[in-house]
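Peer 1: could you work out the structure for the sequence below:
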Amino acid sequence: MPLRFHIPKANLFLRLADYIESEADRKRAAADARKQKLEKLEKRIKASEVDEDGVAYSGQKRRLEDTEYVEQSKELVEGVKNAVAAGELLISLLGGIVSHS
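Peer 2: The predicted model follows:
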């Protein structure tokens, strides 16, 4: 037997009517929130378009000069390549064993 909750139909209809009437307000509030978020992101983008000397570069590419980061990145990529190669070798070796069992 399904559970039934006792909610008077009149109360349910009133709540539904209130919900429907407030739809425009909810949509407006959501649009305002999206607009504020977009404005905040635009400010962050504009703020990030100024280099260390305070000169705006407005989207020009800049060279990454963090050599430690670049070196770690290269080592990470090399490690991933080695792991993939080792995994492929293991799969090929196990594939021969598993298929002959």
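
Peer 1: how far is the host helix or strand of residue 34 from where the chain is centred?
Peer 2: Using DSSP states H and E, residue 34 sits within helix 23-48. Distance, stretch centre to chain centre, for helix 23-48: 17 Å (Cα atoms, centre = their mean, to the nearest Å).

Peer 1: what residues sit buried inside it?
Peer 2: By neighbour count on 16 or more other Cβ atoms under 10 Å, the buried set for helix 23-48 is empty. Using the backbone N, CA and C atoms, a C-beta is placed for each residue, glycine as well.

Peer 1: for whatever helix or strand comes next after that helix, what is the distance to the chain centroid?
Peer 2: Once helix 23-48 ends, the next helix or strand along the chain (criterion: DSSP H and E) is helix 67-99. Distance of helix 67-99 from the chain centroid (Cα atoms, centre = their mean) equals 27 Å.

Peer 1: and helix 67-99, average pLDDT?
Peer 2: Averaging pLDDT along helix 67-99 yields 86.

Peer 1: how is this protein carved up into domains?
Peer 2: Domain segmentation of the chain under automatic domain parsing yields 7-50, 65-101.

Peer 1: which neighbouring elements make contact with the helix holding residue 34?
Peer 2: Taking 3 or more Cβ pairs under 8 Å, 6 or more residues apart in numbering; DSSP states H and E as contact, there are no helices or strands that helix 23-48 lies on.

Peer 1: can you offset everything so residue one is 45?
Peer 2: Yep, numbering from 45; the last one is helix 67-92 now.

Peer 1: so for that helix, mean pLDDT?
Peer 2: pLDDT averaged over helix 67-92 gives 87.

Peer 1: can you check stretch 54-62 too?
Peer 2: 81.
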